[in-house]
Structures are given as structure tokens and as C-alpha cells.
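Trainee: Sequence and predicted structure below; questions after.
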Amino acid sequence: MIDDLIRQTRSTRRFVQSEPVSTETLRALVNLARLSPSASNKQPLKYILCNTPEKNALIFEHVGWAGYLTDWGGPVEGERPAAYIVILGDCHVSEAIDCDHGIAAQSILLGARERGLGGCILGSVKRAPLRSALKLDVQYRIMLVIALGKPAEQIVLEEVGPEGDIKYWRDAEGIHHVPKRSLDEVIIAV
């Protein structure tokens, strides 16, 4: 059921690095993104698939993790993603990428969760150094990086408390807590 799938699709930041994600799985996830809606149906997105230790290490050094967890530098060796998908905007197709990369990223994460994987959409990317490391042509803009793998953490949704703090946090057992605003708070009656 879609409700359950969405509730289970959280930003996973710790993975079982030794559990590989196949190229076939990455292709299937990109296929979901390919079939997703596209503004004006321009379909300007392209994708780089990474699931080798060498490429994964290259990408890992160019992304930021969990800004609210200021005392955590990201997943340690053994808990890093087993794969990445880099979402690119092809400027030869369209200069305006609009919201396509967000739609594609969510489709990828939902498909990953359905396959028992976790993922994290990373917008904190050192784009110029990553572009250089990947030897990308200037026609491609790095939009997002998606980290993927078997989850190695528990994530719990909870209501935002009366103080209104929306910052996610980890408890003493390492459980990741994600406060969500109530439905009544996000619906505006006009």
C-alpha cells in the first residue's frame, strides 16, 4: 500500500556497506525515474550509476551528511552506501530543469524501499570538484546525489512537539528520530 511505502521511505544515512546493490537494481530504479512525470515532458535528466568501491569512495568525499547532526561526520567505513545514483540535468535538452530531479529522486527512493533498500537524497554536494572527478561535460549539471544500500539504522517518525522543533536527532541507542508537522498544521483553509 502506498501509505506504508511512503512512511517507510526515510532518509537512511547508515548502511550495510558489504551488501552490494546490483547494476540491474540501479537500472530498474532509474527506469522508475524515467517513467515519472517531467515538466513539459522535456525529460532533461541523465543518470550516473555507481556501485564499485572506487567510484563510491570518489563520490563519498564530495557529499555532506545530516546537517542537524553537527557532531557526526557521516557514515563510517562499513556503514557507507553500497551504491549511488547521480542525477544530472542535461542543459542541451533544457536549461530549466524545474522540479524533475525531485520527482525522479522520490521515485527512486520509493522503488529502493520497495526492494528492501534505503536511500538518502543528498543536496549538499561539492559540485565543481565532483564534476571534475567524474570528468563531466559542461552540458551536465549535477542536480542531486542519491545514496543507496541496505539500511543499518532504525528511523522513527514522530509528531513535532509543542516547541515546534523539526530537527531530526539520534537517541542513546542510535535510533534516528524524525519530527513531522501535523496534518492540520500543513493544510491552510482559505
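Mentor: Nice, I can see it.
Trainee: Kindly state the beta-bridge partners for the spatially most central residue of the chain.
Mentor: With distances taken as C-alpha atoms, centre = their mean, residue 121 lies nearest the centre of the chain, 1.8 Å away. Beta-bridge partners recorded for residue 121 (DSSP bridges): residue 146.
Trainee: That one contacts residue 105, doesn't it?
Mentor: Yes. Here residue 121 lies in contact with residue 105, judged by C-beta atoms under 8 Å, at a distance of 4.8 Å. All C-beta atoms are positioned from the backbone trio N, CA, C, and that covers glycine.
Trainee: what's the residue nearest to the centre of the chain in contact with, if anything?
Mentor: Residue 121 is in contact with 11, 105, 109, 144, 145, 146, counting by C-beta atoms under 8 Å, 6 or more residues apart in numbering.
Trainee: For the third one, which three-state class applies?
Mentor: Of the three states, residue 109 takes helix according to DSSP: H, G, I helix; E, B strand; the rest coil.
Trainee: contacting residues around it?
Mentor: The contact partners of residue 109, by C-beta under 8 Å, 6+ apart, come to 9, 119, 121, 146.
Trainee: any chance of those residues in JSON lines, with distance to residue 170 too?
Mentor: Rendered in JSON lines, the data for the contacts of residue 109 read as follows (distance: C-beta to C-beta, whole Å):
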{"residue": "9", "distance to residue 170": "19"}
{"residue": "119", "distance to residue 170": "18"}
{"residue": "121", "distance to residue 170": "19"}
{"residue": "146", "distance to residue 170": "22"}
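Trainee: For the helix or strand where residue 89 lies, which helices and strands make contact with it?
Mentor: Following DSSP states H and E, the helix or strand that holds residue 89 is strand 83-90. Using 3 or more C-beta pairs under 8 Å, 6 or more residues apart in numbering; DSSP states H and E as the contact test, the elements touching strand 83-90 are helix 23-35, strand 45-50, helix 53-60, helix 100-114, strand 140-151.
Trainee: Taking helix 100-114 as reference, get the angle to the second one.
Mentor: Between strand 45-50 and helix 100-114, the angle formed by their directions is 40 degrees, by axes from the mean of the first three to the mean of the last three C-alpha atoms, to 10 degrees.
Trainee: Contacts for strand 45-50 next, please.
Mentor: Under C-beta under 8 Å, 6+ apart, the answer for strand 45-50 is 23, 26-27, 30, 33, 38, 56, 58-59, 83-90, 97, 100-101, 104, 134, 140, 143.
Trainee: returning to what we had before: alpha carbons of the strand holding residue 89, in CSV - could you do that?
Mentor: Once side chains and other backbone atoms are set aside, the C-alpha atoms of strand 83-90 remain, and they are given as CSV (Å, rounded to 0.1, in the frame of the first residue of the first chain):
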residue,chain,number,x,y,z
ALA,A,83,25.8,2.5,-4.4
TYR,A,84,25.0,6.0,-5.7
ILE,A,85,22.9,7.5,-8.4
VAL,A,86,24.0,10.9,-9.6
ILE,A,87,21.1,12.9,-11.1
LEU,A,88,22.2,15.3,-13.9
GLY,A,89,20.4,17.9,-15.8
ASP,A,90,21.3,17.9,-19.5
